[in-house]
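*Asks:* quick check, what structure comes out for this input:
(chains A and B)
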Amino acid sequence: MAMRIRELAAQAGTSTRTLRYYEEQGLLPAGRSANGYRVYDEHHVRVVREIRSLQAIGFSLADVRPFVECLLAGHDSGDECPASVDVYRRKLAYLDRHIAELRGIRDQLTSRIENLPEPPPPACELLTAMRAHDLGSAWKTEEGDHGTPGN
Amino acid sequence: MAHQATNNEVAANNGVAAGGGVIEVTDDTFGDLVLAAGKPVLVDFWAQWCPPCHMLSPVLAEIAAELQDTLIIAKVNVDENQVIAQRYGILAMPTLCVFRAGEVIFQVVGARSKRRLLAELSAIL
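*Replies:* Next comes the predicted model:
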């Protein structure tokens, strides 16, 4: 099932330039045809997809390397090897540090919210309500003028 | 006559509503249920048209249940009970008055959080 670099790029969803770069980094050893073209098979497709999916979750190429080597050594999945598990453990430690940091920030924020001074308690002023209904002039009309106009 | 019986019955229980709820108090029942109560009474002077009063309502219901052994919580609608509202000079709603042995020992205006109200009450009860 030999394919050339363009077909591998198409199947793996990337560019030929990227594939040549992976090869430079020692992650994608290719065979050569009689007339010098690189040839690949379905194992290479698997490797490239592994590289891309690990990069998509933020792994560097250095992180990815043990996974690729695990696949090239014939394992069914790239994380079955001790060196890959080491990478996982490093990622786990990073997450634990960040979780602790985020918890600290969360506690500070919660504490601050609880200790903020409370705004003035909302209330309804009876006099304001009376003024809004213009009761002043209504009373005067009913009871007769007791004060100067406008008072 | 039924009205009178209800007053006496409730007064005999020191005005405590079953289940530690908020009790309704009127111009007529204020003397028995608030001034003559055997426990301190927090009176909420409120009005139907006042949104902060409605904000406070669930807070009072929770506190009534939590503090039912030490405090009675009562509501007085100021529009329907103008005699009592005027007697205590209520000009803004909600006004919260705590009565003990017939005297006002604490008075505040405005809706407040449960946390804040509990803190204020614990300082005077």
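
*Asks:* confirm residue B:107 sits in a strand?
*Replies:* Yes - under DSSP: H, G, I helix; E, B strand; the rest coil, residue B:107 sits within a strand.

*Asks:* what helices or strands is the longest helix anywhere in chain A leaning on?
*Replies:* If you go by DSSP state H, chain A has its longest helix at helix A:82-115. Contacts defined by 3 or more CB pairs under 8 Å, 6 or more residues apart in numbering or on different chains; DSSP states H and E place helix A:82-115 against helix A:61-72. The C-beta positions use only the backbone N, C-alpha and C, and glycine is treated the same way.

*Asks:* counting neighbours, which bits of the helix it packs on end up buried?
*Replies:* Using 16 or more other CB atoms under 10 Å in any protein chain shown as the test for burial, helix A:61-72 gives A:63, A:64, A:65, A:66, A:67, A:68, A:69, A:70, A:71, A:72.

*Asks:* equivalent analysis for stretch A:41-59, please.
*Replies:* A:44, A:45, A:46, A:47, A:48, A:50, A:51, A:54, A:59.

*Asks:* filter these down to the ones in helices?
*Replies:* Among these, the members found in helices (DSSP H) are A:44, A:45, A:46, A:47, A:48, A:50, A:51, A:54.

*Asks:* before we move on, the earlier item: for the buried residues of helix A:61-72, work out which two are farthest apart.
*Replies:* Using CB to CB, the two most remote members of those are A:63 and A:72, lying 16.1 Å apart.

*Asks:* distance of the spatially most central residue of chain A relative to residue A:88?
*Replies:* The centre of chain A sits closest to residue A:57, judged by CA atoms, centre = their mean, with a distance of 9.3 Å. As judged by CB to CB, to the nearest Å, residue A:57 and residue A:88 stand 12 Å apart.

*Asks:* give the residues shared as contacts by the two.
*Replies:* By CB atoms under 8 Å, 6 or more residues apart in numbering or on different chains, residue A:57 and residue A:88 have no common neighbours.

*Asks:* give the contact list for whatever residue of chain A ends up closest to chain B.
*Replies:* As assessed by CB to the nearest CB, chain B sits closest to residue A:121 within chain A, at 2.5 Å. Taking CB under 8 Å, 6+ apart as the criterion, residue A:121 is in contact with B:52, B:108, B:109, B:110, B:111, B:112.

*Asks:* 10 Å instead, please
*Replies:* B:52, B:55-56, B:94, B:96, B:108-113, B:116-117 (CB atoms under 10 Å, 6 or more residues apart in numbering or on different chains).

*Asks:* show the buried residues in those residues.
*Replies:* Buried residues within these, counting neighbours by 16+ other CB under 10 Å: B:52, B:55, B:56, B:94, B:96, B:109, B:110, B:111, B:112, B:117.

*Asks:* closest one of the residues you listed to residue B:33?
*Replies:* Nearest to residue B:33 among those is residue B:96, at 16.2 Å by CB to CB.

*Asks:* distance-wise, check that closest one relative to chain A.
*Replies:* As judged by CB to the nearest CB, to the nearest Å, residue B:96 and chain A stand 10 Å apart.

*Asks:* return the residues in contact with the nearest residue to that residue once chain neighbours are set aside.
*Replies:* Nearest non-adjacent residue to residue B:96, counting by CB to CB, 6 or more residues apart in numbering or on different chains: residue B:108, 5.2 Å away. Counting by CB under 10 Å, 6+ apart, residue B:108 touches A:121, A:123, B:94, B:95, B:96, B:97, B:98, B:116, B:117, B:120.

*Asks:* tabulate these (TSV), appending distance to residue A:80 and pLDDT.
*Replies:* Output for the contacts of residue B:108, formatted as TSV (distance: CB to CB, whole Å; pLDDT from 0 to 100):
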residue	distance to residue A:80	pLDDT
A:121	64	90
A:123	69	93
B:94	68	97
B:95	73	97
B:96	69	98
B:97	74	98
B:98	71	98
B:116	59	92
B:117	61	96
B:120	64	95
